[in-house]
Each structure stands twice: as C-alpha cells, then as structure tokens.
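based on what follows, work out the 3D shape:
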Amino acid sequence: MLKEKLEPLLQELAKVNTDKDKYDIIKNYFSQHEENLASDIEELVTLCQLPAEERCFVAYPVLGNWLLERLHKFDTKTEYASNVKNQLEYLIREKRFNNSHLKEFYKEQIPFHTAWDNVTNLMLQKPEESMPFHLLLHQALLDVGDVLDTVERPSNLQVDLGHGFFAPVFHFEFLTFYYRVAVEDNHTKPLGLTIMLVDDQEPQQWYDRLISAGFTKHPNGKGFFYDCESALEALTKSNYDVILTDLDLGKGKMPGIKFVQKAFQIQKQRGVLPLISVFSYNEKLLKEAEDKLHWNLEESMVFHQVNHDGNKMSFTTSHFCKNVHDAIERYKKFT
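Numbering: from 1, shown residues only. Here you go, the predicted structure:
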C-alpha cells in the first residue's frame with residue numbers, strides 16, 4: 001500500500017524543521033528510487049489525503065515514478081526513439097524536484113530548460129515517430145481524469161483531487177506541450193529566420209540554443225553580441241529577422257530597453273516587421289520593460305508580455321519559437 005510505503009519517508013521529513021532539509025531528504029531518496037510505489041492508479045488518490053506540508057514534497061516524486069514506470073515499459077523500435085525516450089526520462093526524473101512546490105530549491109533550472117529544448121527539438125525532427133511519447137503522457141492524464149470521475153472521494157481529503165492529483169500529472173504532460181502545439185499548428189519545420197542575440201554573459205550559449213531550435217545563422221556569420229552598441233552597429237549595416245536582448249548589459253553600457261527602442265525604429269524605417277523580445281534574470285527590469293515597451297499589439301515594441309516568460313532562468317527556445325510564430329500571425333491581421 002502506498003500509505004505504508006511512504007510512512008518511513010514521512011517520518012524522516014517530520015524530524016527536520018526547514019523546507020530545505022525536507023527537500024534534501026526527498027531529493028536524496030527519489031534520486032535512488034524510481035520504482036512505482038502505487039499498486040494501481042486509484043491508490044495514488046492517497047496523496048490527496050496527506051497534509052499540505054507533506055504532500056507538496058512527495059506528490060510529484062511519487063507521480064513521477066508512476067509515469068517513469070509507464071515510460072520504461074514503452075518498447076522502442078529505433079535508435080531515434082530510444083534517444084527520445086532517454087531524454088524524456090531525464091526530464092520526468094528532474095520534474096519530480098522542479099515543480100511549483102519545490103522549484104525554489106532546485107538549482108539546475110537552466111540545464112533543465114536546455115534539456116527541455118533539446119527534447120522538443122529532437123521530437124520535431126521526426127514528428128510522426130515522436131507522437132507516441134506525447135500520447136503516452138497524454139493517456140496518463142486521461143487515465144487520471146477517469147479516476148477523478150469514478151473514484152469515491154475519501155472523507156479525509158486534505159486537498160481536492162484536481163489540485164492534488166490531476167494538476168501534477170498535467171505538469172508532467174506539459175513536457176511535450178511545445179512539441180504538440182508545433183505539430184498541431186504545422187510548425188515542425190525550422191523557422192528559417194535570422195536571429196540577433198545580445199547578452200553580456202555567455203551570448204553564444206543562448207545563440208546556439210536558438211540556432212538548434214530552428215533559427216538561421218546570419219549570412220555574415222555574426223549573430224551574437226556582448227553589448228547593445230555593437231549590436232546596433234551591426235543592425236544599421238544589415239538586417240536581422242528576430243532580435244532577442246538582455247536588459248542589463250553591464251555598467252556604462254547601453255541598457256536593453258534603450259536598444260529595443262532604437263532597433264524598433266531601424267526596423268520600422270526599413271519596412272521590416274520588428275520582431276524584438278527581451279529577457280533578463282532581473283524581474284524588476286522585466287517589469288520596467290513591460291511598462292515601457294509593451295502597450296498594445298499595434299504599438300508594442302516587443303512581441304509578447306515580457307514578464308510572462310522573459311526570466312532567463314526558465315527561458316525555453318521552444319516557447320520563444322511559439323511566441324515568434326504567434327506574433328507573425330497576429331501582425332498579419334493588422335497589415
């Protein structure tokens with residue numbers, strides 16, 4: 001029984017006082033154990049009977065292990081499918097510790113989101129062969145939905161079945177969301193748009209991720225810049241289809257907001273659709289950029305709500321590509 005299997009772990013959690021200590025216990029335990037602890041899907045409802053302070057630590061790892069068992073049983077026929085499976089397994093493993101309850105303790109956000117991009121890009125190389133992996137996660141969600149409709153609600157629920165059971169499984173299914181949307185919108189091919197990336201720290205890392213996601217290198221071979229000044233000079237000499245810039249480029253350097261305003265005017269004067277976006281680790285700067293650069297669709301200098309997905313810690317090129325596609329479609333309505 002799941003409750004009995006969890007009891008020793010819950011006792012360990014009760015011995016420590018801080019959430020960080022509890023997280024370390026969970027991370028250490030489930031890093032060593034990937035086995036499914038539930039005899040059937042209905043038994044997973046037990047998670048919703050746990051007090052919130054316990055459930056928030058164990059729900060995602062337990063449900064993640066349930067999904068890992070399903071994925072482990074998936075029979076792959078090709079080397080490509082095996083590669084997708086292995087990369088998706090990694091994401092599910094990490095998602096057990098990187099979720100809405102525990103992410104403040106998770107220190108590998110950028111590697112996780114880079115890996116998420118890699119899985120999406122890989123799945124889009126052969127969309128039809130990759131679809132069974134999305135359907136596997138989606139079927140798990142449907143199965144949970146069936147349980148919600150039929151299982152008898154225990155009287156001692158600490159949280160409703162939707163938030164305590166369905167929502168975490170949905171978050172695992174979300175790992176193939178950008179793949180699914182790209183397939184449904186027929187956006188599986190590379191974007192074919194040149195990209196300018198401006199960042200004072202490791203710009204090539206971000207640039208390479210964008211190229212891997214389907215953007216095209218600029219003909220002159222220069223696509224990433226360490227400061228806005230050199231990026232602006234390059235933009236005055238040749239065109240770039242999409243521009244993504246950091247907001248804080250260092251002391252004494254042109255700030256990203258000012259660069260966007262200048263780049264926007266250059267693109268408008270050329271008659272080029274200004275597809276410009278910003279990102280940053282600094283939430284205060286993101287809010288400032290949102291206030292100064294984003295008013296309404298027709299006048300906005302950036303093509304999406306920068307506070308929504310502009311934090312570099314959780315940035316994914318998959319989401320960025322979707323934003324580019326959406327912006328192009330929206331702008332078509334005004335031309």
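
got the buried residues for stretch 313-326?
Ser314, Phe315, Thr316, Thr317, Ser318, His319, Phe320, Cys321, Lys322, Asn323, Val324 (16 or more other C-beta atoms under 10 Å). Yep, even glycine has a C-beta here, placed from its N, CA and C like the rest.

which SSE is the fifth one in?
Which is Ser318. According to DSSP states H and E, Ser318 maps onto helix 317-332.

how far is that helix from where the chain is centred?
Chain-centre distance of helix 317-332: 16 Å, with C-alpha atoms, centre = their mean, to the nearest Å.

just the buried residues of the least confident helix or strand in the chain by mean pLDDT, please?
The weakest-scoring helix or strand in the chain, judged by mean pLDDT, DSSP states H and E, is helix 306-309 (a mean of 74). If you call a residue buried by 16+ other C-beta under 10 Å, then helix 306-309 has these buried ones: Val306, Asp309.

can you redo the buried residues of stretch 313-326 as a markdown table with distance to Tyr281?
Shown next, in a markdown table, are the buried residues of stretch 313-326 (distance: C-beta to C-beta, whole Å):
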| residue | distance to Tyr281 |
| --- | --- |
| Ser314 | 10 |
| Phe315 | 10 |
| Thr316 | 15 |
| Thr317 | 17 |
| Ser318 | 20 |
| His319 | 17 |
| Phe320 | 16 |
| Cys321 | 21 |
| Lys322 | 22 |
| Asn323 | 19 |
| Val324 | 22 |
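
where does Leu244 land in three-state SS?
Secondary structure for Leu244, judged by DSSP: H, G, I helix; E, B strand; the rest coil, is strand.

that one pairs with what?
For Leu244, the beta-bridge partners are Leu197, Ser277 (DSSP bridges).

per-residue pLDDT, it?
pLDDT recorded at Leu244 is 97.

list the contacts for it?
Contact analysis of Leu244 by C-beta atoms under 8 Å, 6 or more residues apart in numbering lists Ile195, Met196, Leu197, Val198, Trp206, Leu210, Ile276, Ser277, Val278, Phe279, Phe320.

select, from these, the two members most distant in space.
Trp206 and Ile276 (15.3 Å; C-beta to C-beta).

what about the residue of the chain most remote from its centre, is that helix, strand or coil?
In the chain, the residue that sits farthest from the middle, by C-alpha atoms, centre = their mean, is Ser155; the gap is 35.9 Å. Secondary structure, three-state DSSP: Ser155 is coil.

what do you get for Asp117?
Classification of Asp117 using three-state DSSP returns helix.

touching, it and Phe320? I think so.
No - using C-beta atoms under 8 Å, Asp117 makes no contact with Phe320, being 9.3 Å away.

hey, what's in contact with both of the two?
Taking C-beta under 8 Å, 6+ apart as the contact rule, the neighbours common to Asp117 and Phe320 are Ala213.

output the below-cut-off pLDDT ranges for this protein.
The model of the chain has pLDDT under 70 over residues 295-299, 334-335.

so who does Tyr29 touch?
So Tyr29 contacts Leu9, Glu12, Pro61 (C-beta under 8 Å, 6+ apart).

show me what contacts the first one?
When you say that, I think you mean Leu9. With contact set as C-beta under 8 Å, 6+ apart, Leu9 has these partners: Ile25, Ile26, Tyr29, Val58.

and the second one, by the same measure?
Applying C-beta under 8 Å, 6+ apart, one finds that Glu12 lies in contact with Ile25, Tyr29.

circling back to that earlier point, can the contacts of Leu9 go into a markdown table with extra columns for secondary structure and distance to Tyr226?
Output for the contacts of Leu9, formatted as a markdown table (DSSP: H, G, I helix; E, B strand; the rest coil; distance: C-beta to C-beta, whole Å):
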| residue | secondary structure | distance to Tyr226 |
| --- | --- | --- |
| Ile25 | helix | 42 |
| Ile26 | helix | 40 |
| Tyr29 | helix | 43 |
| Val58 | helix | 44 |
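
any chance of those in TSV, plus distance to Gln49?
Below are the contacts of Leu9 laid out as TSV (distance: C-beta to C-beta, whole Å):
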residue	distance to Gln49
Ile25	20
Ile26	18
Tyr29	20
Val58	12
